[in-house]
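> only the shape, not the letters, is given here:
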Ligand SMILES: O=P(O)(O)OC[C@H]1O[C@](O)(COP(=O)(O)O)[C@@H](O)[C@@H]1O
């Protein structure tokens with residue numbers, strides 16, 4: 001007897017395929033307005049419409065943003081780019097020791113209403129608030145499952161017992177925990193080289209791993225090398241913000257990252273797209 005998938009299995013498969021194009025993804029991370037504040041953006045990109053027009057025009061596969069910004073920019077990305085709605089966040093206006101907690105920042109139903117292809121939520125593994133974030137993660141995941149929405153987990157180890165959040169043992173622990181907590185996509189830190197990131201991919205146990213961009217690299221070639229290493233290590237792409245919107249030419253930067261992720265170009269070949 002042939003197996004008939006459930007409605008939500010079909011929905012998840014179709015939505016995931018809109019993000020992972022041929023099993024790879026270049027996602028623009030755009031939740032910084034809350035996570036870091038408007039000071040993260042150069043003056044010309046404080047207006048969300050300006051930067052979103054550039055990244056959509058450059059052909060990014062998906063945009064990850066909070067519901068409120070998706071609402072006011074839908075005409076730019078609608079029917080052109082996949083949408084990942086992040087439903088947790090926090091501000092740096094909080095007292096320092098309360099910044100290791102991600103709070104609800106919208107609901108899975110908001111993502112469904114916006115026509116999202118996935119929801120995203122952060123878990124700071126190792127935080128003193130890990131328990132609370134896990135409760136929130138499983139509530140989000142349960143609701144997303146009902147609607148056939150894949151869940152992207154930003155698996156960010158950080159907390160009082162973690163000395164170096166980029167250490168491979170720490171990052172791969174977070175990736176494994178994300179896989180065990182039912183993430184359909186995992187976004188985590190780059191561990192500095194191909195060999196260690198391969199360990200992270202292995203720990204993710206088959207769940208696609210995407211690299212979080214991190215602070216802007218001084219040289220574009222260094223960022224493109226990191227992206228290339230992630231792909232060579234078995235990662236499936238990137239979810240990147242600052243290395244795009246803090247760059248003087250975000251469109252060219254997206255195209256260079258796409259060349260590495262989708263066309264297997266080397267960093268040296270891809271960086272030439274920035275010189276045109
Ligand atoms: O690691 P930090 O400094 O808390 O930054 C969190 C930010 O990094 C991201 O996870 C990825 O964006 P970046 O490429 O700018 O690092 C964002 O989604 C989030 O706002």
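Cool, the structure landed. Everything quoted here is computed from the prediction, not taken from an experiment.

> would you mind measuring from residue 123 to the ligand?
Residue 123 sits 12 Å away from the ligand, going by CB to the nearest ligand atom, to the nearest Å. The C-beta positions use only the backbone N, C-alpha and C, and glycine is treated the same way.

> tell me the contacts of that residue?
Taking CB atoms under 8 Å, 6 or more residues apart in numbering, we find residue 123 in contact with 102, 130, 133-134, 137, 153-156, 174, 177-178, 181.

> who touches residue 155 in this structure?
Residue 155 makes contact with 123, 125, 174, 175, 177, 178, 183, 186, 187, 188, according to CB under 8 Å, 6+ apart.

> what's the neighbour count on residue 128?
Other residues near residue 128 number 14, with proximity taken as other CB atoms under 10 Å.

> now the one 10 residues further on
Residue 138: 12 surrounding residues under other CB under 10 Å.

> in contact with it, which residues?
Taking CB under 8 Å, 6+ apart, we find residue 138 in contact with 181, 182.

> equivalent analysis for residue 261, please.
Neighbours of residue 261 in contact, by CB under 8 Å, 6+ apart: 24, 25, 26, 227, 231, 237, 238.

> in a markdown table: these, plus neighbour count.
Below are the contacts of residue 261 laid out as a markdown table (neighbours: other CB atoms under 10 Å):
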| residue | neighbour count |
| --- | --- |
| 24 | 21 |
| 25 | 26 |
| 26 | 27 |
| 227 | 27 |
| 231 | 19 |
| 237 | 29 |
| 238 | 29 |
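
> which strands or helices does whichever helix or strand residue 231 is part of pack on?
In this assignment (DSSP states H and E), residue 231 forms part of helix 220-232. Contacts defined by 3 or more CB pairs under 8 Å, 6 or more residues apart in numbering; DSSP states H and E place helix 220-232 against helix 194-203, strand 209-212, strand 237-240, helix 250-263, helix 267-270.

> let's go with 10 Å and repeat that
Packing partners of helix 220-232 (3 or more CB pairs under 10 Å, 6 or more residues apart in numbering; DSSP states H and E): helix 194-203, strand 209-212, strand 237-240, helix 242-245, helix 250-263, helix 267-270.

> if we can go back for a sec, show me which pair in the contacts of residue 123 is furthest apart.
Using CB to CB, the two most remote members of those are 102 and 177, lying 15.0 Å apart.
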